[in-house]
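Student: Please find the sequence and the predicted model below.
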Amino acid sequence: MTNSPKISCFFKITIFLNIILLSIIACGRENNLLERSLNSAGKNRSELEKVRKHYKNDPLKLQAAEFLIVNMFGSFAQNEEIIGICTPFYNDYDSLAKEYGYEMNAERGKKIDSLWKNFSNKHFKLHSLPFQPDLQNISAEQLIAEIDLAFKAWKENVYSRDCSFDEFCEYILPYRRINGLVIDDARKTFYERHHGNYFTQPGKDMIDEADSLLYEYRHLTHSQFWGTQIPILTASTFEYLRHGLCEHRCWYNSLLFSSLGLGIAVDFVPAWGNRNNNHTWNVLIKDGKSYAFEAFWDQDRWKYKRIYNNKTFDYDWGRFRLAKVYRHSFKNYFEGPITDKLVKPEDIPALFKNFKKKDVSHEYFDTVNITLPLQNIPPDTRYAYLCVWNYHDWQPVQWGRIKRGKAVFHGMGKDVIYLPCYYKNGTLTYAGEPFLLNAEGMIETFSNDTIDTEDLYIKHYAGAPLHYGNKWNNNAIEKTSIYGSLSSTFSGGDTIAIFPDSIEIYNKKIDSRYDRPVRYIRVSLPYQRVAFSNLAFYYNDPYGEEKKIEPVTLIHPLDSMANGEITDYLFDDYIATGYKKELGKDHIDIDLGSEYTITSICFAPYSEAGLKKEVSFELFYWNNGWKSIGKKAGSNKHVIFKNVPKNALFILKHPDRNNRPGSRPFIYRNNEVLWH
């Protein structure tokens, strides 16, 4: 059987990295990093020496050249021959694109996948061509041209020309930010295309100019994950195909901005803390401060520092929770297990074989150092790894050195569930129990007690991505006004509360602004639509304890929904239940049954059901691994699992492992599913 391109490439990278790691260990006693790189260049050493000789009378450029040579160690390109082999495919791709007016849709996407499958199956050589290490392949002419252009653009750039030399070397000088890219004259092309139009005139704003530059390339869009295995190895190829993944646009942007003398990097989250998959984006660097932005053209490009702070949520996409953020770098950062001569390469997760990255989590969110006692430490194990859930397994995102039965994991994000693990021969084993590092930075553990139980109401399996598909329901209750009165005609009284103008999928509590008794409530709905999973009113009893007002009733009853959901679900205790209806009027009226001084209101938007009738879902809880509780058929509304352990960690699995967006772990608190 022929290996797929993805698997073949993975093994090629693994073998290459293992060779590099062995080289690091072998050279561990060698203090002269420059000499190590020159020795590793083999026959190409003469080209690198030409560069040093060329700059012998220019100390700063010589220092820059030696920075590049030292950090070329571990840098490599995909084989340049791939571009020639794939040229006929690129032409066919372009012809297909023109048929669809360059618009990406499912029909075109399926044709792209079929086109690539047929082409790659006929060209087996694509999967076996060796990488090309920069040290052994870059020419003196090419390196000198890159250095001279970087210095010229740096000194012409009004925003960066006064930055430190170290910042220049790390964020402007390098000709690559990510391994695999084939280095050509892309930066020269960009410079000639835009020189004098951007970042050279005083009195302008850097972000505004960056927006204008990005706008020129708004036609380069995301591939929507069609043709993900197509080799896109140069900026010119990306421009020709016009579609790619985030990683492609990120390195493209890094060439574009650095060619004009502006510091830029590529940041990435290896695995989300509350979603499946990963993500990559760009940051501009100025005077040590980073400005994160979406790599593709977007109306709100600069929001990542705001929505990746592990506290807030995005209006369109909901909550993002991040365990770690790393920055791809040309500079080498040797740390952790890759520097330990007693650790075999096969006992190091792929993320930590990559020494061309640095931890920048603190630039996005408050971090916590976690000290954990470890269980069942295997013999000769020197490191443990902190993992987050990603699709079907736990994925390491940070390492910790084991000392006296414990490990410290530095710089971890809050409001994330973690599992400590060991890694041996490519396999994870548990080093303890999963835990929640809560929003306050405290560790919360889970129970697996099957005696202390409760009923679990649930409506979906996928977690945070639900927000986007639920936006219409979220929007329906934005700015809802709650008016209270002693009269059923609503004479007198006052506004008790107004809902926020941005709503997420979780239950939210807001305080009352009215301190007098009311009996009748008018819920004024901006879009003439009721869409709640919860609507509850609270008061203080004579002892000062806040309690829910119940039962409450609608003054004008509403019919049940087609799926059997009824208005009682608005006011019950379970957030997974709910009710929605187009009203034809802008309010509903509620009778509290008696007079109360309302202290607070809880509300949650209606959630669309993801548990379809034709599918059977299986609930698991964590007990030294996922243990099945049982299966339930979907109902097109909520599903109830009886007698599940309280305060456990759960996951509800879809029977199709390839289902997207995939299942996410959750906890169940106060009759609400909280996704992680």
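Tutor: Perfect, I can see it now. Keep in mind it's a predicted model, so treat the numbers as computed, not measured.
Student: next structured bit after the worst-scoring helix or strand of the chain on mean pLDDT?
Tutor: Ranking every helix and strand in the chain by mean pLDDT, DSSP states H and E puts helix 5-26 at the bottom, with a mean of 52. Later in the chain than helix 5-26, the nearest helix or strand by DSSP states H and E is helix 33-40.
Student: List the buried residues of stretch 527-545.
Tutor: Within stretch 527-545, the residues that qualify as buried are 527, 529, 530, 531, 532, 533, 534, 535, 536, 537, 538, 539, counting by 16 or more other C-beta atoms under 10 Å. In short, each C-beta sits where N, CA and C put it, glycine included.
Student: what ranges do the helices span in the stretch 551-676 of the chain?
Tutor: Taking DSSP state H, counting those that start in this stretch to define them, one finds helices in the stretch 551-676 of the chain at 568-571.
Student: What's the first helix or strand after the helix or strand containing residue 522?
Tutor: Element membership for residue 522 (DSSP H and E) is strand 518-524. Counting by DSSP H and E, the next helix or strand C-terminal to strand 518-524 is strand 529-540.
Student: now that next one: mean pLDDT?
Tutor: In this model, strand 529-540 carries a mean pLDDT of 98.
Student: just to revisit the earlier point, and the strand holding residue 522, how far out from the chain middle?
Tutor: Relative to the centre of its chain, strand 518-524 is centred 42 Å away, using C-alpha atoms, centre = their mean, to the nearest Å.
Student: other SSEs contacting it?
Tutor: Applying 3 or more C-beta pairs under 8 Å, 6 or more residues apart in numbering; DSSP states H and E, we find strand 518-524 packed against strand 481-485, strand 529-540, strand 587-596.
Student: Residues in contact with the last one: which ones?
Tutor: If I follow you right, that is strand 587-596. With contacts defined as C-beta atoms under 8 Å, 6 or more residues apart in numbering, strand 587-596 is touched by 486, 488, 490, 517-525, 530, 537, 539, 549, 551-556, 558.
Student: Name every strand pairing with that strand and say which way it goes.
Tutor: strand 518-524 (antiparallel), strand 553-554 (antiparallel) (DSSP bridges).
Student: Can I get these in JSON lines including mean neighbour count?
Tutor: Converted to JSON lines, the strands paired with strand 587-596 look like this (neighbours: other C-beta atoms under 10 Å):
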{"stretch": "strand 518-524", "mean neighbour count": "20"}
{"stretch": "strand 553-554", "mean neighbour count": "14"}
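Student: I'd like those laid out as CSV, including distance to residue 315.
Tutor: As requested, those are exported to CSV (distance: least, C-beta to C-beta, whole Å):
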stretch, distance to residue 315
strand 518-524, 22
strand 553-554, 30
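Student: Please tabulate the ones you listed in JSON lines and include mean pLDDT and distance to residue 665 as additional columns.
Tutor: Formatted as JSON lines, the strands paired with strand 587-596 follow (pLDDT from 0 to 100; distance: least, C-beta to C-beta, whole Å):
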{"stretch": "strand 518-524", "mean pLDDT": "98", "distance to residue 665": "34"}
{"stretch": "strand 553-554", "mean pLDDT": "96", "distance to residue 665": "36"}
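Student: circling back: of all the helices and strands packed on strand 518-524, which one is nearest residue 344?
Tutor: Across these, residue 344 has its closest neighbour in strand 529-540 (51.1 Å, C-beta to C-beta).
Student: Identify the neighbouring strands of that closest one in the sheet and state each direction.
Tutor: Here strand 529-540 is paired, per DSSP bridges, with strand 546-548 (antiparallel), strand 579-582 (antiparallel), strand 598-605 (antiparallel).
Student: which one of those strands has the most crowded surroundings?
Tutor: For the strands paired with strand 529-540, the largest average neighbour count (mean count of other C-beta atoms under 10 Å) is found in strand 598-605, namely a mean of 21.
Student: what's the angle between it and strand 481-485?
Tutor: Here strand 598-605 runs at an angle of 140 degrees relative to strand 481-485 (axes from the mean of the first three to the mean of the last three C-alpha atoms, to 10 degrees).
Student: Run a quick neighbour tally on residue 453.
Tutor: 13 (other C-beta atoms under 10 Å).
Student: How about residue 301?
Tutor: By the criterion of other C-beta under 10 Å, residue 301 has 19 neighbours.
Student: OK, contacts around it?
Tutor: Residues near residue 301 by C-beta under 8 Å, 6+ apart: 211, 214, 293, 294.
Student: backbone phi and psi for the closest residue to the last one other than its chain neighbours, please?
Tutor: The shortest distance from residue 294 to any residue that is not its chain neighbour, by C-beta to C-beta, 6 or more residues apart in numbering, is 4.6 Å, and that residue is residue 301. In this entry, residue 301 is assigned phi and psi values of phi -70, psi -30 (degrees, to the nearest 10).
Student: Kindly report the same for residue 388.
Tutor: Residue 388 adopts backbone torsions of phi -120, psi 160, taken as degrees, to the nearest 10.
Student: Redo the buried residues of stretch 527-545 as a markdown table? Include distance to residue 57.
Tutor: Shown next, in a markdown table, are the buried residues of stretch 527-545 (distance: C-beta to C-beta, whole Å):
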| residue | distance to residue 57 |
| --- | --- |
| 527 | 72 |
| 529 | 75 |
| 530 | 78 |
| 531 | 73 |
| 532 | 75 |
| 533 | 73 |
| 534 | 74 |
| 535 | 77 |
| 536 | 77 |
| 537 | 80 |
| 538 | 78 |
| 539 | 83 |
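Student: quick one: which of these is nearest residue 650?
Tutor: Using C-beta to C-beta, the shortest approach to residue 650 within those belongs to residue 533, at 18.6 Å.
Student: Model confidence for the closest residue to that closest one other than its chain neighbours, exactly?
Tutor: Spatially, and ignoring its direct neighbours in sequence, residue 533 is nearest to residue 578 (3.7 Å; C-beta to C-beta, 6+ apart). Residue 578 carries a pLDDT value of 97.
Student: Make residue 1 into 19 and carry on from there
Tutor: All right, first residue 19 from here; so that's residue 596.
Student: before we move on, back to that, against residue 175, how distant is the residue nearest to residue 312?
Tutor: 20 Å (C-beta to C-beta, to the nearest Å).
Student: What of residue 650?
Tutor: Taking C-beta to C-beta as the measure, residue 650 falls 60 Å from residue 175.
Student: Settle it for me: which of those two has more neighbours?
Tutor: Per other C-beta under 10 Å, whichever of residue 650 and residue 175 has more neighbours is residue 175, with 22 against 18.
Student: I figured that one hits residue 218, correct?
Tutor: Yes. Counting by C-beta atoms under 8 Å, residue 175 touches residue 218, with 6.8 Å between them.
Student: Out of the strands paired with strand 547-558, which gets nearest to residue 337?
Tutor: With C-beta to C-beta, the closest approach to residue 337 among the strands paired with strand 547-558 belongs to strand 616-623: 14.0 Å.
Student: what's around residue 143, how many residues?
Tutor: 10.
Student: Could you pull up the residues touching it?
Tutor: By C-beta under 8 Å, 6+ apart, the contact list for residue 143 reads 99, 103.
Student: could you pull out the strands for the stretch 119-268 of the chain?
Tutor: For the stretch 119-268 of the chain, strands defined by DSSP state E, counting those that start in this stretch occupy the ranges 150-151, 239-240, 261-262.
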